[in-house]
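Asks: Quick one, what's the 3D model for this:
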Amino acid sequence: MPSSLRPGSAIPRHEQLAVGLALAFAGGFFDAYTYLTRGGAFANAQTGNIVLMSLATARGDAKAAAYYLLPICAFFLGVLISEWIKAVFPHKSGLHWMQIILLLEAALVLVIGLVPVSVPHALVNTTVSLICSLQVNTFRRMHGLPYATTMCTGNLRSAAESFCSYLFSRDRHALESALRYFAIIGLFCAGGMAGALLTGLFGIRSVWLCGAVLLAVLSAIRDKESVRR
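Replies: All right, here's what the predicted structure looks like:
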């Protein structure tokens, strides 16, 4: 599956590989952070929560089912919020809607780093689910290719598809697409490793690194002009 953008095509700044790599790093960090400091949960993707909610419901454990339902609802709410911000702050407004979402994410990350571990983990995990939903629904394409910054399954499938396309057709653009997907997956893993190391050193406040990454991305996309591939 070669990229839809050919040499010389204009690439929106928010679709640049560097932006995707930074966001994937943050996505991996979030997963390690919630798992290691907030009760052994993964707050990025909701498939596991849906399965666990279903199992709890089958056992008749309403309390556990409600616990897993919370991050699912937060993820759903994040999509609604991002779509609302997109509609209210169109591209012609003074502040781009993507910048507003990044500012909102960074603000929530700052708050998370201040919440002590004595607070129920569900509160923080639900907030992280909201952050990841805002991010994954806002940044959905890289060099014209669909991708995700807070989960790897779809990226891995797309990497394999693009690489297979290259093997059959020797299309250089398909190989470039596969390499971009592998890079995103690699930075997600790097974010997870960084999360594991830094949570051991700085505890709950280590998540502020993600806030710094989000602000760096905000600065990178501040110029709305596209760049050439």
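
Asks: The closest residue to residue 158 other than its chain neighbours: what's it in contact with?
Replies: What sits nearest to residue 158 in space, not counting adjacent residues and going by Cβ to Cβ, 6 or more residues apart in numbering, is residue 181, at 5.2 Å. Any C-beta I mention is one placed from the backbone N, CA and C, and that applies to glycine too. By Cβ atoms under 8 Å, 6 or more residues apart in numbering, the residues touching residue 181 are 145, 147, 155-156, 158-159, 162.

Asks: Please repeat the previous calculation with a cut-off of 10 Å.
Replies: By Cβ atoms under 10 Å, 6 or more residues apart in numbering, the contact list for residue 181 reads 1, 20, 142, 145, 147, 152, 154-163.

Asks: buried stuff in the helix or strand where it lies?
Replies: Here residue 181, judged by DSSP states H and E, is contained in helix 172-202. Across helix 172-202, burial judged by 16 or more other Cβ atoms under 10 Å covers 173-178, 180-185, 187-188, 191-192, 194-196, 198-199.

Asks: now do stretch 134-145
Replies: 134-139, 142-145.

Asks: At which residues are the strands of the chain located?
Replies: Using DSSP state E, the strands of the chain run over 10-11, 141-142, 145-146, 227-228.

Asks: Make a markdown table out of those strands and add mean pLDDT and distance to residue 130.
Replies: Converted to a markdown table, the strands of the chain look like this (pLDDT from 0 to 100; distance: least, Cβ to Cβ, whole Å):
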| stretch | mean pLDDT | distance to residue 130 |
| --- | --- | --- |
| strand 10-11 | 78 | 29 |
| strand 141-142 | 94 | 22 |
| strand 145-146 | 94 | 22 |
| strand 227-228 | 48 | 31 |
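
Asks: what about the residue nearest the centre of the chain, distance to residue 59?
Replies: Residue closest to the mean C-alpha point of the chain, counted by Cα atoms, centre = their mean, is residue 150 at 3.1 Å. From residue 150 over to residue 59 the distance is 29 Å, taken as Cβ to Cβ, to the nearest Å.

Asks: same check, this time on residue 10
Replies: 54 Å.

Asks: cool, and residue 218?
Replies: 44 Å.

Asks: count of neighbours near residue 218?
Replies: Neighbour count of residue 218, defined by other Cβ atoms under 10 Å: 18.

Asks: my read: it touches residue 107, true?
Replies: No. Using Cβ atoms under 10 Å as the test, residue 218 is too far from residue 107 to be in contact (11.6 Å).
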